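Asks: quick check, what structure comes out for this input:
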Amino acid sequence: MSAELNAVDFAPLAVLLPILGAALAFVMRRHTGIQRTVTISTLTITLGLEIWMLSSAWHHGAQAVLLGGWAPPFGISLVVDEFSALMLVVSTSVSLAVLLYATGQGMADGEEDGPVSVFHPTFLILVAGISNAFLAGDLFNLYVGFEILLTASYVLLTLGGTTARIRAGVTYVVVSVVSSMLFLIAIGMIYAATGTVNMADLALKLADLDTGMQMVLHLMLLVAFGIKAAIFPLSFWLPDSYPTAPAPVTAVFAGLLTKVGVYAMVRTETLLFPGDRINALLMIVALLTMIVGILGAIAQADIKRMLSFTLTSHIGYMVFGLAVGNVVALAATVYYVAHHIIVQTSLFLVTGLIERRAGTSNVDRLGSLAKLSPVLALLFFLPAMNLASIPPFSGFLGKLGLLQGGIELGTPLAWVLLAGAVATSLLTLLAVARVWNRAFWRKAEDAENPDPLLLVGAADGGRVTTYRHVENFPDSKFSDRGDTQLLPWTMVGSTAALVLLGVALSVFAGPLFELSDQAARAMLDRSAYIEAVLGAGTSAEPARGGVAP
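Replies: Purely as a prediction, here's the structure:
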């Protein structure tokens, strides 16, 4: 190492710190105060490191660290470029907010000796798996990252052991195992055909394979990642799996897990399989994902299920940018992925607060929330308008970039996709407006069979007691929890911080689009990534879309 510290040399710590923190948190599971300190400190330090790596990638481009001193392509390489570094910073920021939310929920409900104490170490393992996937420079290490995060997600999804969660967990496990098997088979076939799984090396060697073999390997990886990203028609599992989990788990799943699949699609499509051979297929998939997802969202009465369908729908926008494949569209995709992680997570956290305050997330049973809790109304309104792409929020800016990329391509299929994207955005606005009108704007008395918690007014200070529930509200979800704060400041504060981060994407859209544009150009050119891993002098043809001079 040179005398000057290089951020990429510390890239392995983005994976190792959460793993070590998880081990220490598990040891301290009976000491909840220490466990909270360990987990929050671990993610805070990890976030600081990743911000440093993002700054380095912004100024110096792609850089790689070779673990164990093994020369590529034989050793494990971790690659930090603009796209991976941005994903690391966004994912860890969101994870920290969710962790604070979960910690506040445990303190408020007095459950820190139960589910939340198990949540902490498992959550850190999840973060380690996500970070490993973003940094992986070879397909097998990417597979390892997926398996780490999926193993942790199995535990988190079934936290509490209710019948609904176990049922959803079984579906999730089966689908994930199928996806992982396809991915592993594809890795084996790629290694048999090329003798390597290093992605930089594959970028050079896959072009020498027969066109038919390339297409088989290409489609196998696309299907495996498509299941993980929940693109149509491979998204059937998501709406029934995510809403059953606890609010913090649902939030982090919705925000991050599908985006790891999107990241893998973008990375492999631009690096390993350049060209437009499946351009039309990706456009059709993007269109169907957007339309089918948002039609499902409109039909839902439960806010969590509605958001799960919008999550699927908006994955279509990311596939849209990848399908168009030029610099403008791919840059907008990078920006939109970061936007969607933050906004979608924010909305699921707010939904958790709605369920605590009103006792349900079913819009037919909600009302008067704007009057009962103006702060909660504001926390929902901002990310909801962002998701619906109302100017000047980041959702509008990202979609505008995608539309510009589609117009620049100018094919008939691209114009159909543009029309579908606009229609999906309008229907998203309709879906969130419906939630706002019913849950926040109308009177609680007009709701159908409102939960007793909704009738606890502002005069009660947002606090309920055992006596009130046992005597008067026997069906309340908090009936056995003693003196319970419905909206703890830790949960509200962490949600507010994430909502403000979503607003910051609009305020600092200029620098973020500059970074996204730089990331898109680097991915389409490919040479910077390949040379970072294999050394100077190696090169490849630019990916589809080219790089503007």
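
Asks: how far does stretch 67-78 sit from the chain's center?
Replies: Put simply, stretch 67-78 sits 28 Å off its chain's centre (Cα atoms, centre = their mean, to the nearest Å).

Asks: what's the span of it from first residue to last?
Replies: In stretch 67-78, first residue to last residue: 8 Å (Cα to Cα, to the nearest Å).

Asks: so where is this protein shaky, pLDDT-wise?
Replies: 1-4, 107-117, 160-161, 450-485, 536-549 (pLDDT under 70).

Asks: and the helix or strand encompassing residue 431, which residues are buried?
Replies: In the assignment (DSSP states H and E), residue 431 maps to helix 412-435. For helix 412-435, burial by neighbour count (16 or more other Cβ atoms under 10 Å) applies to 414, 417-418, 420-421, 424-425, 427-429, 431-432, 434-435. Bear in mind the C-beta positions are built from the backbone N, C-alpha and C, glycine included.

Asks: what do you get for stretch 216-232?
Replies: By neighbour count on 16+ other Cβ under 10 Å, the buried set for stretch 216-232 is 217-218, 220-232.

Asks: circling back to that earlier point, give me the helices and strands touching the helix holding residue 431, please.
Replies: Contacts defined by 3 or more Cβ pairs under 8 Å, 6 or more residues apart in numbering; DSSP states H and E place helix 412-435 against helix 279-298, helix 303-324, helix 374-387, helix 394-409.

Asks: can you classify the closest residue to residue 101 other than its chain neighbours by secondary structure?
Replies: Using Cβ to Cβ, 6 or more residues apart in numbering and skipping the chain neighbours, the partner closest in space to residue 101 is residue 494 (4.4 Å). Following DSSP: H, G, I helix; E, B strand; the rest coil, the label given to residue 494 is helix.

Asks: just to check, residue 494 is in contact with residue 105?
Replies: No: under the criterion of Cβ atoms under 8 Å, residue 494 makes no contact with residue 105, lying 9.9 Å away.

Asks: show me where the stretch 1-150 of the chain has strands.
Replies: 63-66, 77-80 (DSSP state E, counting those that start in this stretch).

Asks: might you calculate how far the helix holding residue 431 sits from the centre of the chain?
Replies: With Cα atoms, centre = their mean as the basis, helix 412-435 stands 21 Å off its chain's centre.

Asks: what does that helix rub up against?
Replies: Helix 412-435 is contacted from outside by 280, 283-284, 286-287, 290-291, 293-295, 297-298, 303, 306, 310, 313-314, 316-317, 320, 323-324, 363, 380, 384-385, 387-390, 399, 402-403, 406-407, using Cβ atoms under 8 Å, 6 or more residues apart in numbering.

Asks: still on that earlier bit, looking at the buried residues of helix 412-435, which one is closest to residue 356?
Replies: Comparing the buried residues of helix 412-435 against residue 356 with Cβ to Cβ places residue 435 closest, at 16.5 Å.

Asks: and the gap between that closest one and residue 491?
Replies: 20 Å (Cβ to Cβ, to the nearest Å).

Asks: before we move on, what about residue 534?
Replies: Going from residue 534 to residue 491 by Cβ to Cβ gives 47 Å.

Asks: can you list contacts of stretch 13-30?
Replies: Outside stretch 13-30, the residues that touch it by Cβ under 8 Å, 6+ apart are 34-35, 38-39, 41-43, 45-46, 49-50, 53, 88, 113, 117-118, 120-122, 124-125, 127-128, 131-132, 135.

Asks: now list the buried members of the residues you listed.
Replies: Here, 16+ other Cβ under 10 Å leaves 35, 38-39, 42-43, 46, 49-50, 53, 88, 117-118, 120-122, 124-125, 127-128, 131-132, 135 buried among these.

Asks: helices along the stretch 151-300 of the chain, start to end?
Replies: Assigned helices in the stretch 151-300 of the chain, in chain order: 163-194, 199-205, 211-229, 238-241, 247-252, 258-271, 279-298 (criterion: DSSP state H, counting those that start in this stretch).

Asks: okay, those helices in CSV with distance to residue 330 next?
Replies: Listed next are these as CSV, based on distance: least, Cβ to Cβ, whole Å:
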stretch, distance to residue 330
helix 163-194, 23
helix 199-205, 17
helix 211-229, 16
helix 238-241, 25
helix 247-252, 26
helix 258-271, 7
helix 279-298, 12
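
Asks: check contacts around residue 231.
Replies: Applying Cβ under 8 Å, 6+ apart to residue 231 gives the contacts 285-286, 289, 312, 315-316, 319.

Asks: over to residue 69?
Replies: residue 75.

Asks: if we ignore the residues flanking it in sequence, what's nearest residue 246?
Replies: Leaving aside its sequence neighbours, residue 246 sits nearest to residue 159 (Cβ to Cβ, 6+ apart; 5.8 Å).

Asks: the one you found: what's it in contact with?
Replies: Residue 159 neighbours (Cβ under 8 Å, 6+ apart): 115, 118-119, 165, 245-246, 249.

Asks: kindly recompute the last result at 7 Å.
Replies: Each residue near residue 159 by Cβ atoms under 7 Å, 6 or more residues apart in numbering is listed here: 115, 118-119, 245-246, 249.

Asks: from residue 302, how far off is it?
Replies: Taking Cβ to Cβ, one finds residue 159 at 20 Å from residue 302.

Asks: and for residue 42?
Replies: 34 Å.

Asks: against residue 315, how distant is residue 224?
Replies: Taken as Cβ to Cβ, the span from residue 224 to residue 315 is 15 Å.

Asks: skipping adjacent residues, who's closest to residue 297 in space?
Replies: Leaving aside its chain neighbours, residue 297 sits nearest to residue 309 (3.6 Å; criterion: Cβ to Cβ, 6+ apart).

Asks: residues in contact with that neighbour?
Replies: Counting by Cβ under 7 Å, 6+ apart, residue 309 makes contact with 239, 293, 296-297, 300.

Asks: now with 8 Å?
Replies: Residue 309 neighbours (Cβ under 8 Å, 6+ apart): 239, 293-294, 296-297, 300.

Asks: thought residue 197 was touching residue 140?
Replies: Yes: using Cβ under 8 Å, residue 197 is in contact with residue 140, at 4.9 Å.

Asks: hey, what's in contact with both of these two?
Replies: Counting by Cβ under 8 Å, 6+ apart, the common neighbours of residue 197 and residue 140 are residue 187.

Asks: can I get the contacts of residue 309 in CSV with neighbour count and distance to residue 17?
Replies: Formatted as CSV, the contacts of residue 309 follow (neighbours: other Cβ atoms under 10 Å; distance: Cβ to Cβ, whole Å):
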residue, neighbour count, distance to residue 17
239, 22, 34
293, 27, 35
294, 26, 39
296, 19, 39
297, 26, 37
300, 21, 39
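
Asks: got CSV for these, with distance to residue 14 too?
Replies: Compiled in CSV, those are given as follows (distance: Cβ to Cβ, whole Å):
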residue, distance to residue 14
239, 31
293, 32
294, 35
296, 35
297, 34
300, 37
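
Asks: determine which two of the contacts of residue 159 are furthest apart.
Replies: Set against one another by Cβ to Cβ, the contacts of residue 159 have their most distant pair in 118 and 245, with a gap of 13.5 Å.

Asks: how about stretch 357-375: buried residues?
Replies: 357-363, 365-370, 372-373.

Asks: I meant stretch 93-101, not that one.
Replies: With burial defined by 16+ other Cβ under 10 Å, the residues of stretch 93-101 counted as buried are 93-101.

Asks: ok now it, how far from the chain's centre?
Replies: For stretch 93-101, the distance to the chain centre is 13 Å (Cα atoms, centre = their mean).

Asks: residues in contact with that stretch?
Replies: Here stretch 93-101 makes contact (Cβ under 8 Å, 6+ apart) with 39-40, 43-44, 47, 120, 123, 126-127, 130, 247-248, 251-252, 255-256, 341-342, 345, 349, 352, 490-491, 493-495, 497-498, 501.
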